[in-house]
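Trainee: quick one, what's the 3D model for this:
(2 chains)
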Amino acid sequence: QQQVKQSPQSLIVQKGGISIINCAYENTAFDYFPWYQQFPGKGPALLIAIRPDVSEKKEGRFTISFNKSAKQFSLHIMDSQPGDSATYFCAASKAGNTGKLIFGQGTTLQVKP
Amino acid sequence: DGGITQSPKYLFRKEGQNVTLSCEQNLNHDAMYWYRQDPGQGLRLIYYSQIVNDFQKGDIAEGYSVSREKKESFPLTVTSAQKNPTAFYLCASSGWGVKKTGELFFGEGSRLTVL
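Mentor: Sure, this is the predicted structure:
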């Protein structure tokens, strides 16, 4: 019930392509779903986040799609760039404590020039 | 600049020794967190503190201890009771960020290796 499952574990995309990372959760009490980006040797940083009252949120080239009935959400990176090469984590938390996150296993993205 | 400072960045420890990882923040955040990162397992919550002099266990607290005597500081001690302490440790605080949502701000991590 507490898990967040993320796939794929690794992803290779050509420059200009679309990167898609998927996550699924079990606990219907989750109501905050962020995505974090981590570069090697650094701490993660918030990329984009969504709450279940909307089905999509877009910030620049990054879009979260959210399917409440399927308990799934995904990150789409449009026009992927080599600078997007990093590890991406989805996460979820319950109302009232957005810092107490349950993280997915992570996806290592490599964007080839 | 405001942020989270973790030290040391790299630490080597012999089996049976306790080690303390430092975490300091100047973001004026009330809540602070310790996460452990292992390859292929994401980040897992060790301990968190929402106010000074109070803290709660996370999902993997066994073998760890914390204190929160000051708002700015949340040190983590990895004790000899922790069976597999080699990992990347991340400290974070939570507050209202530029994305207009509560978010975690992470430090750059401390990599602990047990020899």
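
Trainee: host element of the closest residue to A:Ser10 other than its chain neighbours?
Mentor: Sequence neighbours aside, A:Thr108 is the residue nearest to A:Ser10 in space, at 4.6 Å (criterion: C-beta to C-beta, 6 or more residues apart in numbering or on different chains). Every C-beta, even on glycine, is put in place using the N, C-alpha and C of the backbone. With the criterion set as DSSP states H and E, the secondary-structure element containing A:Thr108 is strand A:107-112.

Trainee: what about the residue nearest to A:Ser10, how many residues close to it?
Mentor: A:Thr108 has 17 neighbouring residues, counting by other C-beta atoms under 10 Å in any protein chain shown.

Trainee: got the contact list for it?
Mentor: Listed by C-beta atoms under 8 Å, 6 or more residues apart in numbering or on different chains, the contact set of A:Thr108 reads A:9-11, A:86-87.

Trainee: can you check B:Glu15 too?
Mentor: Residues counted as contacts of B:Glu15 (C-beta under 8 Å, 6+ apart) are B:80, B:114-115.

Trainee: rewinding a little: which one among the contacts of A:Thr108 gets closest to B:Met32?
Mentor: Sorting these by how near they are to B:Met32, with C-beta to C-beta, puts A:Thr87 at the top with 22.9 Å.

Trainee: not counting sequence-adjacent ones, nearest residue to residue 94?
Mentor: Went with chain A since none was named. Once its chain neighbours are removed from consideration, A:Lys94 has its nearest residue in A:Ala29; the separation is 5.0 Å (C-beta to C-beta, 6+ apart).

Trainee: should've been chain B
Mentor: If you skip the residues right next to it in sequence, B:Ser94 has A:Gly99 as its closest partner in space, 3.3 Å away by C-beta to C-beta, 6+ apart.
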